[in-house]
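Chemist: have a look; sequence and predicted model below, questions after that.
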Amino acid sequence: MYIHLIVMTIHDDHPPNALFALPCACQNLRRATRLVTRIYDQELRKAGIEITQFGLLTALAIVGEANQKALSAGFAMDSTTLTRTLALLRKQGWIHVRPGKDKRERVFRLTEAGKRQVAAAQQRWQAAEHRLRKTLGPVDWKQMQATVARVTSAATEA
């Protein structure tokens, strides 16, 4: 019944290209994430990389090396998606994988090509970051960061 009322309201009163007013936190966050991802991917595409790939490469640049469990936890990313992305990074020659402490564990680190890719994409990432910061302004930027941190923390505890 509730969904039916929302659909009727959207259909009757909604301009063709406007965003829907969504009552669900999850759907609002997913929509915001898709839109923000689009901004970063548009810029990073010029460097031949996507934001998810850039994030993983950047994390490996910071930590040196990490196993899949640590990467999955650090990005709150499901194992299947992470496996696909790591396979692509490996195919590109941007990461190296070695066996870990047991037969199942694999440890990843950047290759020299991966370090060059991060460096090459950094300027494009900064352009996307600047674009979003400029649109939000300094006050809303800080508020967004604080809100995202609180939502992430709350979702982790839930």
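Modeler: Received the coordinates, thanks.

Chemist: chain center to the one helix or strand residue 82 maps to, what's the gap?
Modeler: Using DSSP states H and E, residue 82 sits within helix 79-91. In terms of C-alpha atoms, centre = their mean, to the nearest Å, the centre of helix 79-91 is found 14 Å from the chain centre.

Chemist: give the buried residues for it.
Modeler: 82, 85-86, 89 (16 or more other C-beta atoms under 10 Å). Using the backbone N, CA and C atoms, a C-beta is placed for each residue, glycine as well.

Chemist: where in this protein is pLDDT low?
Modeler: Flagging of the chain using pLDDT under 70 yields the residue ranges 1-17.

Chemist: one more time with 50, if that's ok
Modeler: Applying pLDDT under 50 to the chain flags residues 1-6, 8.

Chemist: now for the residue nearest the centre of the chain: which residues touch it?
Modeler: For the chain, residue 52 is the residue whose C-alpha lies nearest the centre (C-alpha atoms, centre = their mean; 5.0 Å). Residue 52 makes contacts with residue 85, as judged by C-beta atoms under 8 Å, 6 or more residues apart in numbering.

Chemist: for residue 82, see how far away residue 92 is.
Modeler: 16 Å (C-beta to C-beta, to the nearest Å).

Chemist: could you do residue 27 as well?
Modeler: In terms of C-beta to C-beta, residue 27 sits 24 Å off from residue 82.

Chemist: that older thread, and the helix holding residue 82, what other elements does it pack with?
Modeler: helix 51-63, helix 68-75, strand 95-99 (3 or more C-beta pairs under 8 Å, 6 or more residues apart in numbering; DSSP states H and E).

Chemist: in the first one, what's buried?
Modeler: The neighbour-count check on helix 51-63 (16+ other C-beta under 10 Å) flags 51-57, 59-60 as buried.

Chemist: could you dump those residues to TSV with distance to residue 122?
Modeler: As requested, the buried residues of helix 51-63 are exported to TSV (distance: C-beta to C-beta, whole Å):
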residue	distance to residue 122
51	13
52	16
53	13
54	9
55	13
56	15
57	10
59	14
60	14
